[in-house]
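> following is a predicted model, sequence given first.
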Amino acid sequence: MKEQLPVTKALSPWWRRSVVMVFVCGMAVLIFMSVQAYRYAPPVPESVVDSAGAVIFNRADIESGQEVFLKYALMQNGSIWGHGSYLGPDFSAAYLHDLALDTGNAIARKEFNADLALLDADQRSRVDARVATLLKENRYDPATGQLMFLDAEKTSYQRQRQFWTDYFLQPTTNAGLPSKYINDPEEIRQLTAFFAWTAWASVANRPDKPYSYTNNFPYDPMVGNLLTADALLWSALSVAMLLAGLALVLFTFGRFDYLGWKGKSQDVHPHMLPGDVTAGQKATIKYFVIVALLFLAQVTIGGALAHYRAEPGDFYGIDLAQYLPSNILRSWHLQLALFWIATAYIAGGLLLASSVGQKEPRRHSVGVHMLFWALVVLVVGSLLGELLGIHQVFGQFWSWFGHQGWEFLELGRFWQIILVIGFSFWIWLLYRAIAPAMKDPERKEIALLFMGGAAAIPIFYLPAFFFGSTTNFTVVDTWRFWIIHLWVEGFFELFVTVLVAVTFYQLGVVRRINAVRVIYMDAILFLAGGIIGTAHHWYWTGQANFTMALAAMFSALEVVPLTILTLDAWDFIRLTGTKGPKGQPSKTIPNKWAFYFLMAVGFWNFVGAGIFGFLINMPVVSYFEAGTILTLNHGHAALLGAFGMLAMALVVLGLRHVLTDEQWTVPEKFIKVSFWGLNVGLALMVITNLFPVGVLQIWDVLENGYWHARSLEFIGQDRIRLLEWASMPSHVILIFLGVLPMVIASGLTYLKIRKV
């Protein structure tokens, strides 16, 4: 007698309700914290005066200095409060430490008639204590908007104007900027005023609080900037929160054995067959070619950028800084990464939407072609605009058509508008393609989830328009990380889950109910920690301490869904056909290499976002680590390892789908090389360079202070330069064995379908 398959149970409505509750509660808390940033941001004084009441500089100078900082793309050279680039110094920390030395010398000469360097240990400790007391005192009057500087602070400001003038003279002293990059004395004066304000906010205590506006960041014992008690407390409680979250989820997965990718053995019929392709799906192949080319450009620029750390001012005998300075290379490196990953998701979404809808609308391919050329204009126009922008070609319109200056949001405002319009047009194309599925009860829910995940992408990019070039830096960083974390690591991550689940469903390796359940489960887990966890980027950017408390607790929960990947690993391998059930032969699935890349996503997500992310997220670690190479270590392992490998999976899925078995034979050989080249290259980059340099840099922070670990003196050490050179094999493998074979495979596929 033939065994009957169990009847498929309807999905409980509590899955949907739970997602809505988690989303609404999380967004309510995040919006509350974001609004509070306006209230607790360090005040920008109307005027800064000396003890006699004479104006040293005013609010307009600080805001103009911030604009100088942005229009010359200095956030892609150094950082403010730990956020920005890592080649140059942290400008706020460097100014603050020089201010401490100037103040200490003034006290030493007055009390001991000697320079600070000549004092004995007892005298030095007395002077340091006096420096900390003076600089920690908050002399800002909110009633008048005046901030009073001591004579030593005034003298330091005047002296540092010359210091920053000298900084911009040579590429060897400014980490790869052109010679005489900023030589207008008025711009230097305004820029120094901006640095002075950021340093003051770093050291002056909040009213009625024993710590500064930035929670005593950066670490500098000479000025009394030490780790706060709150940071220690919330770090400890965040570990407890993590353990509680893991225990709850592990119990839940043990109690309900159908969670994750688990499911009973069954015959599920695929809805995507290689070679059975629509006109719209064929049109996506040129997107994948562009993805591979942009990826190649990005990793090549990354190699050149790494050279600035190993040998600043000299690129194999070429003065690269005069043509492609480090700040434009870093801008392009970040922007190209976002462009090629987002392009892969756009194309993958279009590919899968046509498959889920099963009936492609008329002239759909025309819209796909139009979106492609709009994308080309956006990429070329914005990258060229950024290059022209740092050379001040656009005048007063620098932030519209040139380089906005904000890390990760470098493209000008005009190009941002084009980006949102393009995303909106993409949503419309997806809707037209998937609309037939919304009328089918069997496919309606998965279609709605697909559209919801896609629609969140343009919607949650809108905070990029909530600030301008003179907005308080604390407020800007609040909204900036709505993009960097909530948009990229939150809703893009959720869309990734949807894409993977839909891919498995369309390829016939899971039932619809399993795919939908996984989407809801991941949405609950990712959003529960990820929404409020966005605030872990705000520990040291001028927000109140309750932000640190909430951020530390909930960012710890971000590790929980990544840990679940280890529970699903074996089921994931089984579902992708790599390993069949015991006693049964393995399935032969034509999309093998796409699945291999998806397995790489799981591995790197756990390592890059889980291990390396949690390593730097606790306040007690972040205080010493923010803005060091360990952040780059986490960023590369998570962005390239998770988002990048998923992009590659979509590329391979698309290439395989449009080719027959015979046509696939040659491109597959290059795909195989690419898979191993990308994974081995990334692993070597982490092992030989990013992780060891990051650890050494934190050690230097603890020994000498944050300012020193971010200085050229640290980068110039022989052992650091040696480790930079040691990363060259990883770059060679990534470029020539990782990305280049993918370019060849996508190019061959495009040529094959063009011939057809």
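Perfect, I can see it now.
> helices and strands around the helix or strand encompassing Phe23, which ones?
Element membership for Phe23 (DSSP states H and E) is helix 14-40. If contacts are counted by 3 or more Cβ pairs under 8 Å, 6 or more residues apart in numbering; DSSP states H and E, helix 14-40 sits against helix 473-481, helix 512-533, helix 545-556. For the C-beta atoms, the positions are set from N, CA and C on the backbone; glycine is no exception.
> show me what counts as buried in the last one.
Along helix 545-556, these residues count as buried under the neighbour rule (16 or more other Cβ atoms under 10 Å): 545, 547-556.
> that helix to helix 473-481, inter-axis angle?
20 degrees (axes from the mean of the first three to the mean of the last three Cα atoms, to 10 degrees).
> which residues touch the residue positioned nearest the centre of the chain?
The residue lying closest to the centre of the chain (Cα atoms, centre = their mean) is Ile484, at 5.0 Å. By Cβ atoms under 8 Å, 6 or more residues apart in numbering, the contact set of Ile484 is 408, 537.
> could you pull out the helices for the stretch 401-550 of the chain?
When secondary structure is read from DSSP state H, counting those that start in this stretch, the stretch 401-550 of the chain shows helices at 413-438, 444-459, 473-481, 493-506, 512-533, 545-556.
> which residues sit against the fourth one?
Identification of contacts with helix 493-506 by Cβ under 8 Å, 6+ apart yields 261, 270-272, 345, 348-349, 352, 355-356, 446, 449-450, 453-454, 456-457, 510-512, 515-516, 518-519, 522-523, 526-527, 530, 575, 594, 598, 601, 642-643, 646, 650, 653.
> what sits against the nearest residue to Ala501 once chain neighbours are set aside?
Spatial nearest neighbour of Ala501, chain neighbours left out: Ala515 (4.1 Å); criterion: Cβ to Cβ, 6 or more residues apart in numbering. With contact taken as Cβ under 8 Å, 6+ apart, Ala515 is in contact with 446, 501-502, 504-505.
> do you know how far the residue nearest to Leu409 when sequence neighbours are not counted is from Met21?
Once flanking residues are discounted, Leu409 sits nearest to Ala464: 5.7 Å by Cβ to Cβ, 6+ apart. As judged by Cβ to Cβ, to the nearest Å, Ala464 and Met21 stand 28 Å apart.
> how about low-confidence regions in the stretch 251-400 of the chain?
257, 260-269, 312-317 (pLDDT under 70).
> the stretch 1-150 of the chain too?
Ranges of the stretch 1-150 of the chain meeting pLDDT under 70: 1-9.
> all helices of it, in order?
Using DSSP H, counting those that start in this stretch, helices in the stretch 1-150 of the chain cover 14-40, 59-71, 91-112, 121-136.
> contacting residues for the closest residue to Ile629 other than its chain neighbours?
Nearest residue to Ile629, sequence neighbours excluded (Cβ to Cβ, 6+ apart): Gly694, at 3.9 Å. Contacts for Gly694 (Cβ under 8 Å, 6+ apart) come out as 625, 628-633.
> those: which two are farthest apart?
Greatest spatial distance among the contacts of Gly694 (Cβ to Cβ): Glu625 and Leu632, at 11.1 Å.
> more neighbours, these two?
Glu625 (24 against 19; other Cβ atoms under 10 Å).
> thought Trp699 was touching the more buried one, still the case?
No. Contact between Glu625 and Trp699 fails when scored by Cβ atoms under 8 Å: they sit 11.0 Å apart.
> so Arg536 sits against Ala551, correct?
I think there's a mix-up here, since residue 536 is His and not Arg. Yes. Between His536 and Ala551 there is a contact at 4.3 Å, judged by Cβ under 8 Å.
> circling back: Ala551 versus the residue nearest to Leu409, what's the distance?
21 Å.
> what does Gly357 give?
41 Å.
> just His364 next, same as before
Taking Cβ to Cβ, one finds His364 at 43 Å from Ala551.
> from Glu558, how far off is the closest residue to Ile531 other than its chain neighbours?
Closest residue in space to Ile531, ignoring its immediate chain neighbours: Gly26 at 3.2 Å, by Cβ to Cβ, 6+ apart. In this view, Gly26 and Glu558 are 12 Å apart by Cβ to Cβ.
> picking up where we left off before, mind putting the contacts of Ala515 in CSV, neighbour count included?
Output for the contacts of Ala515, formatted as CSV (neighbours: other Cβ atoms under 10 Å):
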residue, neighbour count
Ile446, 24
Ala501, 25
Val502, 27
Phe504, 22
Tyr505, 26
